[in-house]
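Peer 1: Based on what follows, work out the 3D shape:
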Amino acid sequence: MTSEQGPYIQMAGLCEQVIEDKTGALSLIRVIDTITHTEARPDAPVEMPPVTYPMRMVIMLKSGRARGRHELKITAELPSGEVKPPLIRSIQMEGEERGFNNIINMLFTFTMEGLYWFNVYFDDSLLTRIPLRIKYNRVVTQESPH
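Peer 2: Sure, this is the predicted structure:
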């Protein structure tokens, strides 16, 4: 039921912090689509080591004609093509302009460089895909004499 009937995506993205005021309005702080991980040391590895990064995924939906209880499902697709098991949340849609703000606190471990996709499904229909590129910056430094 996601075509011209709704729900409609008001916003979907990744950021470092979300502030929600008393009225429910959201402020997204430092919206991201690229993360660069730097290893600067004498023995900096050639390949990027696993790195865990805290972030927030924000998915704001407006109901349209969608009503009732539905599933919001998110899968992470790694640069290798591997798809991780889904995160599934139950959401209630009230119809019309009323919506649902879904804020997911993520602590995601990236195991390789490249383009990650977070696929967002409403029930079993793909709503959108959120890209995130991970870059690795290797800096081999000289050891300082003691």
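Peer 1: What distance do you get for the nearest residue to Pro79 once chain neighbours are set aside to Leu14?
Peer 2: Spatial nearest neighbour of Pro79, chain neighbours left out: Gly114 (2.8 Å); criterion: C-beta to C-beta, 6 or more residues apart in numbering. For every residue, glycine as well, the C-beta is placed using N, CA and C. Distance, Gly114 to Leu14, by C-beta to C-beta, to the nearest Å: 16 Å.
Peer 1: More neighbours: those two, which one.
Peer 2: Using other C-beta atoms under 10 Å as the criterion, Gly114 and Leu14 rank with Leu14 on top: 23 against 14.
Peer 1: Name the next helix or strand following the lowest-mean-pLDDT helix or strand in the chain along the chain.
Peer 2: Using mean pLDDT, DSSP states H and E, the weakest-scoring helix or strand in the chain turns out to be strand 87-110, at a mean of 90. The C-terminal neighbour of strand 87-110 among helices and strands, as given by DSSP states H and E, is strand 114-122.
Peer 1: Whichever helix or strand comes after that next one - contacts with which helices or strands?
Peer 2: Once the chain leaves strand 114-122, the next helix or strand it forms, by DSSP H and E, is strand 125-140. If you count contacts as 3 or more C-beta pairs under 8 Å, 6 or more residues apart in numbering; DSSP states H and E, strand 125-140 packs onto strand 8-20, strand 34-41, strand 51-77, strand 114-122.
Peer 1: dump the residue contacts of Pro49.
Peer 2: Counting by C-beta atoms under 8 Å, 6 or more residues apart in numbering, Pro49 touches Glu39.
Peer 1: Now it: phi and psi?
Peer 2: phi -70, psi 160 (degrees, to the nearest 10).
Peer 1: Against Gly81, how distant is it?
Peer 2: Pro49 is 21 Å from Gly81, by C-beta to C-beta.
Peer 1: picking up where we left off before, which neighbours does the least confident helix or strand of the chain have in its sheet, and in what orientation?
Peer 2: Its sheet considered, strand 87-110 pairs with strand 51-77 (antiparallel) by DSSP bridges.
Peer 1: The partner strand to strand 125-140, inter-axis angle?
Peer 2: 150 degrees (axes from the mean of the first three to the mean of the last three C-alpha atoms, to 10 degrees).
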